[in-house]
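Asks: Output the structure for:
(one chain, ligands or ions: 2)
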Amino acid sequence: MTEDAQGYGDPGESPVSAELVTGDGDIEASLRPSSLDDFIGQPRVREQLQLVLAGAKKRGGTPDHILLSGPPGLGKTSMAMIIATELGTSLRLTSGPALERAGDLAAMLSNLVEGDVLFIDEIHRIARPAEEMLYLAMEDFRVDVVVGKGPGATSIPLEVAPFTLVGATTRSGSLTGPLRDRFGFTAHMDFYDPPELQRILLRSAGILGVHLGEEASAEIAGRSRGTPRIANRLLRRVRDFADVRADGVVTRDVARAALAVYDVDQLGLDRLDRAVLSALVRSFGGGPVGVSTLAVAVGEEPGTVEEVCEPFLVRAGLVARTPRGRVATAAAWEQLGLTPPPEAASGGIDVRVNEPQQALRE
Ligand SMILES: Nc1ncnc2c1ncn2[C@@H]1O[C@H](COP(=O)(O)OP(=O)(O)OP(=O)(O)O)[C@@H](O)[C@H]1O
Ligand SMILES: [Mg+2]
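Replies: Ligands and ions are numbered 1, 2, ... in the order given. Predicted structure coming up:
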């Protein structure tokens, strides 16, 4: 490890990490939207869910099982809680890793009351025996509990009260086919655009009692990587700065100064992201270069570069993955204040945001 490398700190603790980190917990709970109307963004998912829930209510039954899929910090847990609230039932919460043995799940299922929402977070990490038990429970609202071992083992059928399973996953691709097929509805959560993040920030500021100006909210929204969790975290860092070094009011300049202290740039890149980008452009002429070579250049583990930095650099259109290695796009050169060589890949455009406008013009 070089000294430089230590300077980046633990990537999981970066202010722009999308993962839940120490200190997020209690605050996040207080910032969760509590109804579908309160939930900002994801208009398609909200409309679809509204129909699923209203349909079930009208028929007086339980809704289909629901899978919420999408990257960390976009509101899956919040949405699961909203589903239970909207149905007027209670939420029983567990997670894939907690369901190690089938017995763990059987205990959970036998305690359900009719209409309950069973929320299994990180459902892709559920152990195989529990998963197989879940198939039957989802389909027929019963489970077979095996008692004893070997030839003397008997299987006792157990009724389960009709319930709605809500599963959340950041990796819907790792779900087995049979499990995925048993969900009647899958909601794909997508990254938020800056105006939506701005509304989320203004709402959070209201709850936390932070004086957040319109321009300041735009400044923070632009650096939040499309992720409400990051937006809310940056808001808290900016609030600290405003309370300690200013008069508590978050203006655009206060937000900028605060985010500079935390090394979060205009695009929401942190120090390690910028180091990777700089190595790619300055040391390797823009690539192509292999991810492990790139990792050595910044003194980080290849896994960290690949899983922590790269996804956002690619999404932001700064880096392209090619069969020959990683390549800097023209936007990456420009981001570093350099003139891109003519052969640099274009990229650099957030296709998702631009698409609808494009369609309107045609
Ligand atoms: N649409 C939204 N409106 C307002 N706040 C939101 C919204 N979506 C998420 N948040 C906030 O972002 C934070 C993270 O949301 P949540 O915990 O639901 O994400 P998640 O998708 O479950 O993440 P993970 O994959 O890490 O479990 C919460 O504090 C929540 O209040
Ligand atoms: Mg969650």
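
Asks: Skipping its backbone neighbours, what lies nearest Ser14 in space?
Replies: Asp270 (4.7 Å; C-beta to C-beta, 6 or more residues apart in numbering). Heads up, the C-betas are built off the backbone N, CA and C, glycines and all.

Asks: Can you tell me how far that neighbour is from Ile230?
Replies: 11 Å (C-beta to C-beta, to the nearest Å).

Asks: Residues that sit against both of the two, list them.
Replies: Pro15, Val16 (C-beta atoms under 8 Å, 6 or more residues apart in numbering).

Asks: Output the helix or strand containing Glu334 as CSV, restricted to C-alpha atoms.
Replies: Secondary structure assigned from DSSP states H and E places Glu334 in helix 330-335. Coordinates of each C-alpha in helix 330-335 appear next as CSV, following Å, rounded to 0.1, in the frame of the first residue of the first chain:
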residue,chain,number,x,y,z
ALA,A,330,-14.3,12.6,-24.2
ALA,A,331,-16.3,13.8,-21.2
ALA,A,332,-13.6,12.3,-18.8
TRP,A,333,-10.9,14.4,-20.5
GLU,A,334,-13.0,17.5,-20.3
GLN,A,335,-13.9,16.8,-16.7
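
Asks: can you give me the helices for the stretch 251-362 of the chain?
Replies: 252-261, 271-278, 291-298, 302-304, 310-315, 330-335, 351-361 (DSSP state H, counting those that start in this stretch).

Asks: who does the shortest one touch, helix- and strand-wise?
Replies: Applying 3 or more C-beta pairs under 8 Å, 6 or more residues apart in numbering; DSSP states H and E, we find helix 302-304 packed against helix 291-298.

Asks: quick one, the helix it packs on and helix 271-278 angle?
Replies: 110 degrees (axes from the mean of the first three to the mean of the last three C-alpha atoms, to 10 degrees).

Asks: give the contact list for the residue nearest to Arg274 when sequence neighbours are not counted.
Replies: Once flanking residues are discounted, Arg274 sits nearest to Asp265: 6.8 Å by C-beta to C-beta, 6+ apart. Shown in contact with Asp265 (C-beta under 8 Å, 6+ apart): Arg223, Leu259, Arg274.

Asks: If we use 10 Å, what do you get?
Replies: Val16, Arg223, Leu259, Arg271, Asp273, Arg274, Gln335 (C-beta atoms under 10 Å, 6 or more residues apart in numbering).

Asks: Disregarding residues adjacent in the polypeptide, which is nearest to the last one?
Replies: Distance criterion C-beta to C-beta, 6+ apart; nearest residue to Gln335, sequence neighbours excluded, is Leu318 at 6.3 Å.

Asks: Check the gap between Glu159 and ligand 1 for me.
Replies: 31 Å (C-beta to the nearest ligand atom, to the nearest Å).

Asks: need the residues of this protein near ligand 1, please.
Replies: For the chain, the contact set with ligand 1 under C-beta under 6 Å from any ligand atom comprises 20, 28, 31-33, 39-41, 72-78, 168, 170, 200, 228-229, 232.

Asks: on that earlier part again, highest neighbour count among the contacts of Asp265?
Replies: Asp273 (29 neighbours; other C-beta atoms under 10 Å).

Asks: Enumerate every residue touching Arg225.
Replies: So Arg225 contacts 16-18, 71, 73, 191-192, 197, 231, 234, 264, 267-270, 273, 311-312, 315-316 (C-beta under 10 Å, 6+ apart).

Asks: which SS class is it?
Replies: coil (DSSP: H, G, I helix; E, B strand; the rest coil).

Asks: In this structure, which residue sits closest to ligand 2?
Replies: Thr77 (3.2 Å; C-beta to the ion).
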